[in-house]
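> Here is the input, now give the coordinates:
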Amino acid sequence: MTTSDMGMARALNAALRDALGADERVVVFGEDVGRLGGVFRVTDGLRDTFGDRRCFDTPVSEAGIAGLAVGMAMAGWRPVVEMQFDAFAYPAFEQIASHMAKMRNRTRGALPLPLVVRIPYGGGIGGVEHHSDSSEAYYAHTPGLKVVTPATAADAYSLLREAIDDPDPVIFLEPKRRYWSKEPLELPVRTMPFGTAAVRRGGSDATLVAYGPSVDVALEAAHLAAAEGWDVEVLDLRTLVPLDDGALAASVRRTGRCLVVHEAQGFAGVGAEIAARVQERCFDALRAPVLRVTGFDIPYPPPLLEDAHLPDVRRVLDGLHRLLPAPAPSTAAARRTDGTTAAADEAATGRTFLLPDLGEGLAEAEVLEWKVAVGDPVKHDQVVAEVETAKSVVTLPSPYTGTVTALHCRAGAVVEVGAPLLTVGEETAASGAVLTGYGTSGRPTAPRPSPRPARAATSAAADAAHDRHADSPLLSATRTPLGPAAEKFVRGQRDTPAVTIWADTEADSLLAARAALGTGLMPLLARACLDALAAFPELNSRVDSDRRELVRLPQVHLGFAAQTDHGLVVPVVRNAAGLGLDDLAAELRRLTALARRGTLPSEHLTGGTFTLNNYGGFEVDGATPILNHPQTAMIGVGRIADRPWARDGRVEVRKVVNVSLTFDHRACDGGTAAGFLGHVIAGLDCGGLLGD
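Reported below is the predicted structural model:
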């Protein structure tokens, strides 16, 4: 066939027509599917072509339709039945859950049940009560059913053909508002099989997971997000059962962030299952919590309110704003409503909250009172201002979470709808581990210079000027927003029973190995840690507090501290245990260079399972760092310094280094920790590497 623009309804009709022509066991029946061609004309013309024994009408009895389908499938037919609307299928649910889903298991696989239940579902067409439900969670939760929901005309044709050929019962959910959306299509077409998700749009910053009617919404939101500087991937699940766990995990691991979109209510919905699976399989790669944008937890509203109920592009973009760090600032200056330009606004990063349309044709409002000031943290839906319109006084909630970086008008100003009110700079997710040496302010900490000798003398006039201004009322305290690392410090200190042990050791052989092998100290330190983790795997683990279990991790993803112009960054060497010394050294050099250029890929920014913290470069002898949740251990290495050292009854000056182990006491006892630390210290005696 030639390519033509085709809607989903026509593609489904073609799939049924081709299936009826290919297999005489296929029958189509339901309410008004024969003479009328179905409510949405999906079965139009089938009765005329194949006769009323292959496509026929039934009484208005959904339970009877489902029961007849079970009996015919048991007798060798391949029935395809239609429920006129989503909520109309509820009277048939007993047949679906008790018989369709269980028959093959009940007969221990001897009796397949090849049947398809077609259900037009979802909102967006202004349907009255019982005509717009999203009921996928009921069926996905019922073992024995396959659950399919296409988002494109090509998938509608291909997935319906596969469903009819399948030996198991398939719930085929057809998004009603996609029936008439056309796309170029050449039939017949076979797309990917059941259990295969499709990346509809590639991206690197976040994954939008959607299915059925929500895929188009997700694609439009991703397109608009690109204008804000974000590269968002859209993953169309296509089938809910079986679910493509592999594609889901691979996408989220690439992007580090996940937002799930669906029309059904959020509580106990399919999105909750997706979020749980992402958390279980991708926890080490996540850079932000998994979020959902769903319908509200209410019965489906009347037609006039459905636009407010359904997840739209605006709500998805709001979800992305909560999920993603602020994009790069624009070079254009932000203009205040009084005509002035704030230089601080030009440099600020964030998103600007515009005065929304307050309804009833109102074009402006007066700002009565600001509830926040520049520098204040705000949360999503927190009231930030009180404004007065010609009708009433209204409070304005913030659509963003972050820190206020600018107020664009003063209290008392009259602001037009669409004019900027305030700018919020979002907090970015902390990348990598939280280590000693990280600043807790919103700005990256630059390397501190080495201590210098006290200055000899200062000008008396300068000292006097300093004294005069020290208590000046014109001077005020400087406020700097806390960065995301601060919260990780608090969480680590509050939730983890951490203990630090340490020991001094000679470093002569370590330094000799560095010189002889032509490598740095970090690869040698990393190799000693990896060898110790092989002997004491308890330290490469995480604690599952909910289940009260210690989870030993199969791979070592080694985090290490790298100094950059923007402060400390913690790259992660993935699968470090499998690398030899030369490869390990090369990977450490590569990741350090990427970190200093600010181009570390997301998979090397998060997901560490154990951290090597080398704070000797800061001229620090030792420390008791806070663990990076959810890791259970961190090795710290201080500076190598000349120290008095007792050896063979004599005190000598030797090169000595302090090595510490901070560990979660739930992961192991003190004896195991001491054994691990001893193993690391023994590994620093690099005679084996030198061939001794």
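
> And the longest helix seen in the chain, how far out from the chain middle?
Identified as the longest helix of the chain according to DSSP state H is helix 581-597. Centroid displacement of helix 581-597 relative to its chain, using Cα atoms, centre = their mean, to the nearest Å, is 27 Å.

> Now do that helix: which elements does it pack against?
helix 521-535, strand 562-564, strand 572-573 (3 or more Cβ pairs under 8 Å, 6 or more residues apart in numbering; DSSP states H and E). The way it works is simple: take the backbone N, C-alpha and C, and place the C-beta from them, glycine included.

> Next, the buried residues of the helix or strand hosting A272.
According to DSSP states H and E, A272 maps onto helix 270-282. Of all the residues in helix 270-282, those buried under the rule 16 or more other Cβ atoms under 10 Å are V270, G271, A272, E273, I274, A275, R277, V278, R281, C282.

> Give me the neighbour count for the closest residue in space to the fourth one that isn't next to it in sequence.
Think E273. Once flanking residues are discounted, E273 sits nearest to A140: 7.5 Å by Cβ to Cβ, 6 or more residues apart in numbering. Neighbours of A140 under the rule other Cβ atoms under 10 Å: 21.

> Next, the contact list for A140, please.
Shown in contact with A140 (Cβ atoms under 8 Å, 6 or more residues apart in numbering): V147, L240, V241, V270, E273.

> between these, which is nearest D648?
Nearest to D648 among these, counting by Cβ to Cβ, is E273 at 65.8 Å.

> Could you measure from that closest one over to S181?
Between E273 and S181 the computed distance is 27 Å (Cβ to Cβ, to the nearest Å).

> And T624, by the same measure?
Counting by Cβ to Cβ - T624 and S181 are separated by 60 Å.

> would TSV of the contacts of A140 with distance to P169 and pLDDT be doable?
Below are those laid out as TSV (distance: Cβ to Cβ, whole Å; pLDDT from 0 to 100):
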residue	distance to P169	pLDDT
V147	10	98
L240	14	98
V241	11	97
V270	19	97
E273	20	97
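
> With distance to E619 as extra columns, can I get the residues you listed in TSV?
Output for the contacts of A140, formatted as TSV (distance: Cβ to Cβ, whole Å):
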residue	distance to E619
V147	61
L240	57
V241	59
V270	54
E273	51
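
> I'd assumed L525 was in contact with A585.
No - counting by Cβ atoms under 8 Å, A585 sits too far from L525 to count as a contact (11.1 Å).

> So if I had to pick from those two, which one is more boxed in?
Per other Cβ under 10 Å, whichever of A585 and L525 has more neighbours is L525, with 23 against 20.

> Was I right to think the more buried one contacts L612?
Yes - counting by Cβ under 8 Å, L612 is a contact partner of L525 at 6.0 Å.

> who touches both of those two?
Contacts common to L525 and L612, judged by Cβ under 8 Å, 6+ apart, are I635, V637.

> For the buried residues of helix 270-282, work out which two are farthest apart.
V270 and C282 (17.5 Å).

> How about I119, nearest residue that isn't a chain neighbour?
M83 is the one closest to I119 (Cβ to Cβ, 6+ apart), at 4.8 Å.

> Quick one: residues contacting that neighbour.
Going by Cβ under 8 Å, 6+ apart, M83 touches G30, E62, I65, A89, A92, V117, R118, I119, P120.

> and the third one, what helix or strand is that in?
Yep, that's I65 we're talking about. helix 62-74.

> Now find how far off-centre that helix is within its chain.
42 Å.

> buried ones in it?
E62, I65, A66, G67, L68, A69, V70, M72, A73.

> can you put the residues you listed in a markdown table and add pLDDT?
Formatted as a markdown table, the buried residues of helix 62-74 follow (pLDDT from 0 to 100):
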| residue | pLDDT |
| --- | --- |
| E62 | 96 |
| I65 | 97 |
| A66 | 97 |
| G67 | 97 |
| L68 | 97 |
| A69 | 97 |
| V70 | 97 |
| M72 | 97 |
| A73 | 97 |
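
> Could you dump those into TSV with distance to A682 added?
Formatted as TSV, the buried residues of helix 62-74 follow (distance: Cβ to Cβ, whole Å):
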residue	distance to A682
E62	73
I65	74
A66	70
G67	73
L68	75
A69	70
V70	69
M72	73
A73	68
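
> related to what we said a few turns ago, on contacts alone, who are the packing partners of the helix holding I65?
By 3+ Cβ pairs under 8 Å, 6+ apart, helix 62-74 packs against strand 26-30, strand 78-82, helix 93-95.

> which of those sits most buried?
Comparing the helices and strands packed on helix 62-74 by mean neighbour count (mean count of other Cβ atoms under 10 Å), strand 78-82 comes out on top with a mean of 26.

> Can you show me the CA trace of that strand as PDB?
These are the backbone C-alpha positions of strand 78-82, laid out as PDB (Å, rounded to 0.1, in the frame of the first residue of the first chain):
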ATOM      1  CA  ARG A  78     -10.200 -16.100  18.700                       C
ATOM      2  CA  PRO A  79     -12.700 -13.500  19.800                       C
ATOM      3  CA  VAL A  80     -12.100  -9.800  19.800                       C
ATOM      4  CA  VAL A  81     -14.700  -8.000  21.900                       C
ATOM      5  CA  GLU A  82     -15.400  -4.300  22.300                       C
END
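
> if we can go back for a sec, do you know which of the helices and strands packed on helix 581-597 lies nearest R200?
Closest approach to R200 among the helices and strands packed on helix 581-597 is made by strand 572-573 (29.3 Å; Cβ to Cβ).

> Sheet-wise, list the partners of that closest one with their directions.
Strand 572-573 pairs in its sheet with strand 558-560 (antiparallel), by DSSP bridges.

> Give me the residues contacting the strand it pairs with.
The contact list for strand 558-560, computed with Cβ under 8 Å, 6+ apart, reads 432-433, 522, 526, 529-530, 570-573, 576, 588, 608-614, 628, 631.

> my guess is H557 contacts T609, does it?
Yes - here H557 reaches T609: they are 4.7 Å apart, a contact under Cβ under 8 Å.

> list the residues that contact both of the two?
Shared contacts of H557 and T609 (Cβ under 8 Å, 6+ apart): D284.

> Can you lay out the helices and strands packed on helix 62-74 as a markdown table showing mean pLDDT?
Formatted as a markdown table, the helices and strands packed on helix 62-74 follow (pLDDT from 0 to 100):
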| stretch | mean pLDDT |
| --- | --- |
| strand 26-30 | 98 |
| strand 78-82 | 98 |
| helix 93-95 | 96 |
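
> which stretches of the stretch 1-150 of the chain form strands?
Ranges of strands in the stretch 1-150 of the chain, per DSSP state E, counting those that start in this stretch, are 4-6, 26-30, 55-57, 78-82, 116-121, 146-148.

> Can I get the next helix or strand after the last one in CSV, CA atoms only?
Yep, that's strand 146-148 we're talking about. Heading C-terminal from strand 146-148, the first helix or strand you meet, by DSSP H and E, is helix 153-165. The C-alpha atoms that make up helix 153-165 are tabulated as CSV, following Å, rounded to 0.1, in the frame of the first residue of the first chain:
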residue,chain,number,x,y,z
ALA,A,153,-1.5,4.6,14.6
ALA,A,154,1.3,2.4,13.5
ASP,A,155,1.4,0.8,17.0
ALA,A,156,-2.4,0.5,17.1
TYR,A,157,-2.3,-1.6,13.9
SER,A,158,0.7,-3.7,14.9
LEU,A,159,-0.1,-4.3,18.5
LEU,A,160,-3.7,-5.2,17.8
ARG,A,161,-2.5,-7.8,15.2
GLU,A,162,-0.1,-9.2,17.8
ALA,A,163,-2.8,-9.2,20.5
ILE,A,164,-5.1,-11.3,18.2
ASP,A,165,-2.3,-13.8,17.5
